[in-house]
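Peer 1: what follows is a predicted structure for the sequence shown.
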Amino acid sequence: MRQDDHVRLLKKGARVLGTLALGTLGALGARTLAMPGGAFIGAIAITAIARLLNAPLDRPPRWARSIGRVALGLTIGVAVTGETLRTIARAQLPVMVIIFGLMFLGLGTAVIISKFTHMPLPTALCSASPGALSAMVTLADDLGGDGPVVASMHLVRLLSVTLIVPPLVYGRFGGGPETLAAASATAGSAQAAPALWLAALLAVGLFTGLLLVRLGLPGGDLIAGVVVSALASSWLGLSALPSSWRMAAQILVAADIGTTMSREALRSFRPFILAGGLMTAFLIVSGFGLGWVLAQISPLDLATSIMGSAPGGADTMMILAGELGADQPLVTAMHTSRLITLTIVLPLFVRLANARVSKKREMKEPAEALTCE
């Protein structure tokens, strides 16, 4: 490796370490101040502000992000119990209705935006879809959409939801410092678990997660962590994992989100600021409305229903669910189901729409030719 490559790698490593150090500082500060959303909101806020001020920060490498997402999944899955599964079974029909309702609202919004702003349909569909930012940007690239525009619109919606949900749930539904203290106490009980078992659990989760990601399953690392931990919980009797795992996962995920907020991202969003703003407001209000409906027609509580229906990033809502006292495994199930369904449905929808446009164009061209003659 040439000396220039070594220097470049060292600089990148220093920027990543700076990002994680800043995220840790924000997380600890937010916990000290008992901010709604806790460590997660603090890490996002401080890294996003620093990035907008052109601080020399960089996103953690892909493998580090996968470790963070697997660890996050492990801390969620260990809380899955028989009662959780029974609640999911009882609420299966209304939850699916809400998931598809929010999906079709997003698709309808995308068609309207594409028609009136001339935004390419794949870009509009992936921007309006309530799925994970990284998954939707990747899908936009595959479908011929504009990845930076999709990333910018998702980022604006993600940050909006992240800022709105904690104060709403914190003040209205009773999450807050007591919830955090209880979660910390529960997590602390896992410190006595044998280190060998914990290392084996992390290794299996990482192997399974990276395998699923390589096979192209959206959110595969996160889903793997949840499934592996849930199985370990039932077989080995684990009831919690070390609190340091949860904190490290939150800092990694939050710092990664915060560093994507750049001036370039805001410039990509500027041409569609009106349409994007209206779309963001509509989807947030619709998600909250559907969450309220879900709480009325199912056994789920209102906080869980709202966070499960919120059009934010899957990992973001899962973390906030745990921080604010909602049922984290249920929120996880709702968001991962929606993400997988979107990844299957969107390519089919784009192909059908493109086929329809091509057919109209073919019918229009002969008519124009006859008119000219």
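Peer 2: Alright, I've got the coordinates. Bear in mind that the values here come from a model prediction, so they are computed numbers and not experimental data.
Peer 1: so where's the stretch 201-350 of the chain shaky on pLDDT?
Peer 2: Residue ranges of the stretch 201-350 of the chain with pLDDT under 70: 218-219, 236-240, 265, 268-269, 340, 343.
Peer 1: burial measure for F207, as a count.
Peer 2: Other residues lying near F207 total 13 when counted by other C-beta atoms under 10 Å. The way it works is simple: take the backbone N, C-alpha and C, and place the C-beta from them, glycine included.
Peer 1: which of the helices or strands spans it?
Peer 2: F207 belongs to helix 195-214 when elements are defined using DSSP states H and E.
Peer 1: list the buried ones in that helix?
Peer 2: Applying a neighbour-count criterion of 16 or more other C-beta atoms under 10 Å, one finds 198, 201-202, 204-206, 208-210, 212-213 buried in helix 195-214.
Peer 1: and these, which is closest to L121?
Peer 2: V213 (27.5 Å; C-beta to C-beta).
Peer 1: from A124, how far out is the closest one?
Peer 2: 27 Å (C-beta to C-beta, to the nearest Å).
Peer 1: in which helix or strand does the closest residue to P56 other than its chain neighbours reside?
Peer 2: Take P56 and drop its neighbours on the chain: the residue closest to it by C-beta to C-beta, 6 or more residues apart in numbering is R15, 5.3 Å away. Element membership for R15 (DSSP H and E) is helix 3-32.
Peer 1: can you point out the buried residues in the very next helix or strand once past that helix?
Peer 2: Moving toward the C-terminus from helix 3-32, the next helix or strand (DSSP H and E) is helix 38-52. Neighbour counts over helix 38-52 (16+ other C-beta under 10 Å) mark 38-48, 50-51 as buried.
Peer 1: ok, these vs T32, which is closest?
Peer 2: Nearest to T32 among those, with distances taken as C-beta to C-beta, is G42, at 9.0 Å.
Peer 1: quick one, what contacts L266?
Peer 2: S152 (C-beta atoms under 8 Å, 6 or more residues apart in numbering).
Peer 1: how close does it get to A124?
Peer 2: 19 Å.
Peer 1: using TSV, lay out the buried residues of helix 38-52 together with distance to L25 and pLDDT.
Peer 2: Listed next are these as TSV, based on distance: C-beta to C-beta, whole Å; pLDDT from 0 to 100:
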residue	distance to L25	pLDDT
G38	14	69
A39	11	77
F40	14	76
I41	13	75
G42	8	83
A43	8	85
I44	13	81
A45	11	83
I46	6	88
T47	10	88
A48	14	85
A50	10	89
R51	14	87
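Peer 1: closest to W245 out of those?
Peer 2: Nearest member of the buried residues of helix 38-52 to W245, counting by C-beta to C-beta, is A39, at 12.7 Å.
Peer 1: pretty sure A254 sits against I46.
Peer 2: No: contact criterion C-beta atoms under 8 Å: A254 and I46 do not qualify, at 9.2 Å.
Peer 1: V165 contacts M307, doesn't it?
Peer 2: Yes: the pair V165 and M307 passes the contact test of C-beta under 8 Å, sitting 6.5 Å apart.
Peer 1: which of these two has more neighbours?
Peer 2: Applying other C-beta under 10 Å to V165 and M307 shows that M307 carries more neighbours, namely 32 against 28.
Peer 1: so the more buried one is in which element?
Peer 2: helix 302-309.
Peer 1: now for that helix, which elements pack on it?
Peer 2: Under the contact criterion of 3 or more C-beta pairs under 8 Å, 6 or more residues apart in numbering; DSSP states H and E, helix 302-309 touches helix 92-117, helix 147-172, helix 273-297, helix 314-323, helix 328-372.
Peer 1: for S243, which of the ones you listed is the nearest?
Peer 2: Nearest of these (C-beta to C-beta): helix 314-323, 11.4 Å.
Peer 1: send me that closest one as PDB with only the CA atoms.
Peer 2: Backbone C-alpha positions of helix 314-323 (Å, rounded to 0.1, in the frame of the first residue of the first chain) are rendered in PDB as follows:
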ATOM      1  CA  ALA A 314     -36.900   1.500  11.600                       C
ATOM      2  CA  ASP A 315     -33.800   1.500  13.800                       C
ATOM      3  CA  THR A 316     -34.600   5.000  15.100                       C
ATOM      4  CA  MET A 317     -38.100   4.100  16.100                       C
ATOM      5  CA  MET A 318     -37.000   0.800  17.700                       C
ATOM      6  CA  ILE A 319     -34.500   2.700  19.900                       C
ATOM      7  CA  LEU A 320     -37.000   5.400  20.900                       C
ATOM      8  CA  ALA A 321     -39.500   2.700  21.700                       C
ATOM      9  CA  GLY A 322     -37.100   1.200  24.300                       C
ATOM     10  CA  GLU A 323     -36.200   4.600  25.600                       C
END
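Peer 1: show me what counts as buried in it.
Peer 2: Those would be 314-323, for helix 314-323 by 16+ other C-beta under 10 Å.
Peer 1: cool, stretch 244-259 as well?
Peer 2: So stretch 244-259, judged by 16+ other C-beta under 10 Å, has buried residues 245-259.
Peer 1: repeat that for stretch 289-297.
Peer 2: Quick answer for stretch 289-297 (16+ other C-beta under 10 Å): 290-291, 293-295.
Peer 1: closest to D5 out of the buried residues of helix 38-52?
Peer 2: R51 (25.1 Å).
Peer 1: give the contact list for that closest one.
Peer 2: So R51 contacts 57, 258-262 (C-beta under 8 Å, 6+ apart).
Peer 1: ends of stretch 48-64, what's the gap?
Peer 2: Distance between the two ends of stretch 48-64: 19 Å, counting by C-alpha to C-alpha, to the nearest Å.
Peer 1: tell me the gap between that stretch and the middle of its chain.
Peer 2: 18 Å (C-alpha atoms, centre = their mean, to the nearest Å).
Peer 1: try stretch 146-162
Peer 2: Centre to centre, stretch against its chain (C-alpha atoms, centre = their mean), the figure for stretch 146-162 is 11 Å.
Peer 1: kind regards, and thank you for your time.
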